[in-house]
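**Q** Quick check, what structure comes out for this input:
(2 chains)
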Amino acid sequence: MTSTELASYLKETQFIADLKSDTKNAVIEELLQPLVDAHLVKSKHLVLMTLKQRETLGSTGIGSHVAIPHCRTLSVSEIHIVAGLSRNGIDFDGIDGKKVQLFFLILAPPQEETNRYLPILGKICELAREKKLREQMIKAQDLNEFIRIIQKGK
Amino acid sequence: MGRNQVELLVLYHDIQSMLLDAKQEEDCMGFTMEGEEKLKEAMQEVERKIETRYLRTFERLKTRYSHPIVPVQDGTCLGCFSRLPTSYNERGRNEQEVFTCENCGRLLYWVA
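**A** Numbering: from 1, shown residues only, chains lettered A, B, ... in the order given. Sure, this is the predicted structure:
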């Protein structure tokens, strides 16, 4: 998975430059909403339930102001990513306790044949751990800038 | 009852997928998985709410297929790619009943 391949999953309607939520549950719902609005999700409440169950397994807040809520769900028929930025940060039970400013929501169907889900997840983790890229992504003002930053990654 | 049962089967299936991915996420990506037992309990809670007949079907199918419940798209079972009877579609989309594919026997879930 290259940065350019990852960037191809990001769409204008699936980028939120200024998240309004201030709690973990609310931000998960806010990130999901663009997919619901675009009718890309069969059942919003079922996906919310599954995402919350995933957080039960362990927080997807990976530290350094980044969280990647994700799950496989029968409620979608292909992989979708929603990226979001919070200017003030949100408490997300991240491993380092820091407020989260950079979010990637990833949904994938369980039977996903191209096996892109885990590579995508891995690539996002890799990019988010690069301090310079992470700090630039957090400050991005729009999707084009966000994509340009991602493409600077390996 | 039908709607709840379909949704419970989907949730049960999705939690199982999550547990399968957990090791790779932990080993390769550094996610922490301290809540595995708690999630298993939540899965058992879902399991208890599924009617025995559907749970039996699910578990039986799991011995044959990695995904006992599969999406339906454009009237096609995405498990075996056979066309489903037209009469299934309206009823299936409304989730009033639990359907299985006539060809492969998998449980069906109508996606967006």
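**Q** Residues of chain B that sit close to chain A?
**A** Contacts of chain B with chain A, taken as C-beta under 8 Å from any C-beta of the partner chain, map to B:7, B:10-11, B:13-15, B:17-19, B:21-22, B:24-26, B:28-36, B:38-39, B:42, B:67, B:69-71, B:73, B:78-79, B:109-112. (Glycine included, C-beta is placed from N, CA and C.)
**Q** Return a selection command, for use in ChimeraX, containing the buried ones of those residues.
**A** In ChimeraX, this line selects whichever of the residues of chain B next to chain A come out buried by 16 or more other C-beta atoms under 10 Å in any protein chain shown:
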select /B:7,10,11,13,14,15,17,18,19,21,22,25,26,29,31,35,36,39,42,67,69,70,71,78,79,109,110,111
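**Q** Can you tell me the closest non-neighbouring residue to B:Glu47?
**A** B:Tyr12 (6.1 Å; C-beta to C-beta, 6 or more residues apart in numbering or on different chains).
**Q** Please determine whether the helix or strand hosting A:His45 lies in contact with chain B.
**A** Under the criterion of DSSP states H and E, A:His45 resides in helix A:44-57. Yes: Helix A:44-57 is in contact with chain B by C-beta under 8 Å from any C-beta, via A:46, A:49-50, A:53-54, A:56-57.
**Q** Repeat that for stretch A:82-91.
**A** No: for stretch A:82-91, no contact with chain B is found by C-beta under 8 Å from any C-beta; the gap never falls below 15.8 Å.
**Q** can you pull the buried residues of that stretch?
**A** Buried, per 16+ other C-beta under 10 Å, within stretch A:82-91: A:82-86, A:89-90.
**Q** Which of those fall within strands?
**A** Counting by DSSP state E, those place A:82-86, A:89-90 in strands.
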